[in-house]
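[1] Provide a 3D model corresponding to the input given below.
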Amino acid sequence: MQKHSIQKNILVVDDEEDILKLVEYNLMQEGFQAKTSTSGEEALKLAREEHPDLIVLDLMLPGIDGLDICKLLKSDLDTSKIPILMLTAKGEESDIVKGLESGADDYITKPFSPKVLVARVKSVLRRYAQPEISEDEVIKYNEITLHPNKRQVKVSGKLIDLTYTEFEILHFLIRRLGWVFTRNEIVDKVRGDNYHVTDRSVDVQIVGLRKKLGDAGKYIETVRGVGYRLTEL
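    Below is the predicted model:
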């Protein structure tokens, strides 16, 4: 078993006992502490009382469902910083989008690999452990260097000419490496008073951005039916 100097506490919420036991076992094998819950009401109570380091949250729950739990926790200042990894039925893209827009930090589909789920848990925890990148901080990512104040992007030292929207999308994604963002979230972030961006036009902007970035464009990952993310290093 891998040992952690400080064990992270994970709350696993699912109404299927076999899934709870499977996830709990694999998390504990990796050195995490795991607590389980089969209902939304109990999960809310535990989250508010114990403030776990992360919540693995099923969407389909009796009583209060996963979406409502996510919204309630993320809208409460006392629990808004608890990362949430959402579980959803395979192929339910609309649920994934709703979950991410309600505040979930990542998602995994059922049926799932326990190893993949544990890797996602670690990934989300790493993101929260990283210091916040300020809006005006120069960011270096692989061969990409982004200067927010100068509104400049260089790839391998070569200046790249980006439009306002392309720059804003790249800046938004690069400040949250590995985070999945829906098209609507991207629109909300990059929309300006004099710039009309729609969820459909985001796809067009991404195509243009990838082309201008050349080989570095491969780092922008399409998440099927959901949106985009910049892959972690």
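[2] gap between the host helix or strand of Asp203 and the chain center?
    Secondary structure assigned from DSSP states H and E places Asp203 in helix 199-213. Helix 199-213 sits 20 Å away from the centroid of its parent chain (CA atoms, centre = their mean, to the nearest Å).
[3] Quick check on the residue of the chain positioned farthest from its centre: phi, psi?
    Relative to the C-alpha centroid of the chain, counting by CA atoms, centre = their mean, Lys158 is the outermost residue, at 30.2 Å. The phi and psi torsions at Lys158 (degrees, to the nearest 10) take the values phi -100, psi 130.
[4] Summarise which helices and strands the next helix or strand after the helix holding Asp203 is packed against.
    Towards the C-terminus, the helix or strand next in line after helix 199-213, according to DSSP H and E, is strand 220-223. Of the remaining helices and strands, those touching strand 220-223 by 3 or more CB pairs under 8 Å, 6 or more residues apart in numbering; DSSP states H and E are helix 199-213, strand 227-230. Placement of C-beta: from N, CA and C, glycine included.
[5] list the helices and strands the longest one packs on?
    If contacts are counted by 3+ CB pairs under 8 Å, 6+ apart, helix 199-213 sits against helix 164-174, helix 183-190, strand 220-223, strand 227-230.
[6] Which of the residues in the second one are classified as buried?
    Residues of helix 183-190 classed as buried under the neighbour-count rule (16 or more other CB atoms under 10 Å) are 183, 185-187, 190.
[7] Residues contacting stretch 173-192, please?
    97, 100-101, 105-107, 123, 127, 133, 135, 139, 141, 144, 146, 164-165, 168-169, 172, 197-200, 202-203, 220, 223, 226-233 (CB atoms under 8 Å, 6 or more residues apart in numbering).
[8] Drop anything exposed from those residues.
    The neighbour-count test (16+ other CB under 10 Å) applied to the contacts of stretch 173-192 identifies 97, 100-101, 105-107, 123, 127, 139, 141, 144, 146, 165, 168-169, 172, 197, 202, 220, 223, 226-230 as buried.
[9] ok, back up a step: just so I know, which of the helices and strands packed on helix 199-213 lies nearest Ser75?
    Taking CB to CB, helix 183-190 is the member of the helices and strands packed on helix 199-213 nearest to Ser75, at 16.2 Å.
[10] tell me the angle of the closest one relative to helix 199-213?
    Between helix 183-190 and helix 199-213, the angle formed by their directions is 70 degrees, by axes from the mean of the first three to the mean of the last three CA atoms, to 10 degrees.
[11] CA atoms of helix 183-190 as CSV?
    The C-alpha coordinates for helix 183-190 follow below in CSV (Å, rounded to 0.1, in the frame of the first residue of the first chain):
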residue,chain,number,x,y,z
ARG,A,183,-18.6,25.2,-24.3
ASN,A,184,-21.0,27.4,-22.3
GLU,A,185,-18.4,27.9,-19.5
ILE,A,186,-15.8,28.9,-22.1
VAL,A,187,-18.3,31.3,-23.7
ASP,A,188,-19.1,32.9,-20.3
LYS,A,189,-15.4,33.4,-19.6
VAL,A,190,-14.3,34.8,-23.0
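[12] nearest to Lys115, of the helices and strands packed on strand 220-223?
    Ranking those by distance to Lys115, with CB to CB as the measure, places strand 227-230 first at 20.2 Å.
[13] strands paired with that closest one, and their directions?
    Sheet pairing here is set by DSSP bridges, and for strand 227-230 it gives strand 181-182 (antiparallel), strand 220-223 (antiparallel).
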